[in-house]
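# build me a structure from this.
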Amino acid sequence: MILQVQGVTKRFGGLQALTQITFDLPEGQILGLIGPNGAGKTTLLNVINGVYFPDEGRVFFQGKDVTRKKTYDMAHMGLARTHQIVRPLNDLSVRENVMVGACFGRQNQDLDAATQTADEVLEFVGLADRADQLAGSLNVSQKKRLEMARALASRPYLLLLDEVLAGLNQTEVRGMIEVVRKIRQQGVTIIMIEHIMHAIMNVSDRIIVLDYGLQLAEGTPEEIATHPKVIEAYLGDPRLAERLARQAD
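Residues are numbered from 1 along each chain as shown. Presented below is the predicted three-dimensional model:
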């Protein structure tokens, strides 16, 4: 297991954001994380990569207790993430943005090695022709790819993707999904938050559903699409569930 989350609970004042979240993630899988807005999905990622410390519970990464590790510690150990709202370093070039990930990631690369890594990763995500542009000049789709490239340049074992498909059109969604699949083929384990249901159903090996900070269900895409509690609390419409189940086949 590359990641183990054991009884994680997180509170913000009187708000219970997460309650006793528990799951194991085998190496090489894509784990989908779904739920309504406010369900606690991003909070869970923040606990996993050290933005927040849990009030209860423990997190293990590659067999080591990382419950109170900082984000930079997690990056050095091989855990990287993207964010819902992309924040590139607008006054640096696309290549320089990706070099930041390489310099402060697992391999702690020097500038020469980081330049080579950045060019390799930009080619991988389809941004090689934009390498010398200022990051601030990219469109939304390109900034999403840049965010992913910067995370990949840190050479992670585990990659947390927070709504990388948000704001993309259908063609861009299909292209990004192919990039996600290629990342997994390289041996990187992925946790992916997404609201585009047909996409998350088609790319995930397993899915966890959160609702008001509770772990509502866990299973294969087929099991989740037909789960009575998921239909009631999240999908709402049984006919939608049937369509999603067909798409997951």
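# how is this protein partitioned into domains?
What automatic domain parsing lists as the domains of the chain is 1-78+160-167+175-249, 84-155.
# give me the nearest residue to the residue nearest to the spatial centre of the chain, chain neighbours excluded.
Computing the C-alpha centroid of the chain and ranking residues by C-alpha atoms, centre = their mean puts L161 first, at 1.7 Å. Residue nearest to L161 in three dimensions, not counting chain neighbours: M192, with 4.5 Å by C-beta to C-beta, 6 or more residues apart in numbering. Yep, even glycine has a C-beta here, placed from its N, CA and C like the rest.
# so what's that neighbour up against?
I30, L31, G32, L33, L161, V164, V180, I200, V203, S204 (C-beta atoms under 8 Å, 6 or more residues apart in numbering).
# count the residues that sit near the fourth one.
Using other C-beta atoms under 10 Å as the criterion, L33 is surrounded by 25 other residues.
# helix or strand for it, which one?
strand 30-34 (DSSP states H and E).
# what does that strand contact?
Here strand 30-34 has contacts from 23, 25, 41, 44-45, 180, 184, 189-195, 197, 200-201, 203-210, 221, 224, 234, using C-beta under 8 Å, 6+ apart.
# can I get the buried part of the residues you listed as one ChimeraX selection?
Buried residues within those, by 16 or more other C-beta atoms under 10 Å, are selected in ChimeraX with:
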select :23,25,41,44,45,180,184,189,190,191,192,193,194,197,200,201,203,204,206,207,208,209,210,221,224,234
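# now the strands for the protein?
3-12, 15-25, 30-34, 56-61, 64-65, 79-81, 158-162, 189-193, 206-211, 214-219 (DSSP state E).
# listing request: residues of the chain with sub-threshold pLDDT.
Low-confidence segments of the chain, defined by pLDDT under 70: 233-249.
# what ranges does it have for its helices?
41-48, 71-77, 94-103, 111-125, 140-152, 170-185, 197-203, 221-225, 228-230, 238-248 (DSSP state H).
# which one of those helices lies nearest to L134?
Closest approach to L134 among the helices of the chain (C-beta to C-beta): helix 94-103, 7.7 Å.
# what does the closest one contact?
80, 88-89, 92, 109-111, 113-115, 117-119, 121-122, 127, 130-135, 138, 146, 149-155.
# ok, now how distant is D65 from V230?
As judged by C-beta to C-beta, to the nearest Å, D65 and V230 stand 32 Å apart.
# more crowded one of the two?
V230 (23 against 12).
# please name the nearest non-neighbouring residue to G40.
According to C-beta to C-beta, 6+ apart, the nearest residue to G40 is G213 (4.2 Å).
# from E120, how far off is A113?
11 Å.
# try L134
L134 is 21 Å from E120, by C-beta to C-beta.
# how about E96?
E96 is 15 Å from E120, by C-beta to C-beta.
# these two: which is more packed in?
E96 (18 against 15).
# grab the nearest non-local neighbour of M77.
F61 (6.3 Å).
# what is the burial count for I231?
Other residues lying near I231 total 19 when counted by other C-beta under 10 Å.
# for the remainder of this discussion, apply numbering that starts at 375.
Happy to do that; since the first residue is 375 now, the last one works out to I605.
# if we can go back for a sec, tabulate the contacts of M566 (JSON lines), appending distance to P428.
Converted to JSON lines, the contacts of M566 look like this (distance: C-beta to C-beta, whole Å):
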{"residue": "I404", "distance to P428": "24"}
{"residue": "L405", "distance to P428": "18"}
{"residue": "G406", "distance to P428": "22"}
{"residue": "L407", "distance to P428": "16"}
{"residue": "L535", "distance to P428": "21"}
{"residue": "V538", "distance to P428": "25"}
{"residue": "V554", "distance to P428": "27"}
{"residue": "I574", "distance to P428": "25"}
{"residue": "V577", "distance to P428": "28"}
{"residue": "S578", "distance to P428": "24"}
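# from those, which single one is nearest K384?
Looking across the contacts of M566 and measuring by C-beta to C-beta, the closest to K384 is L407, at 14.8 Å.
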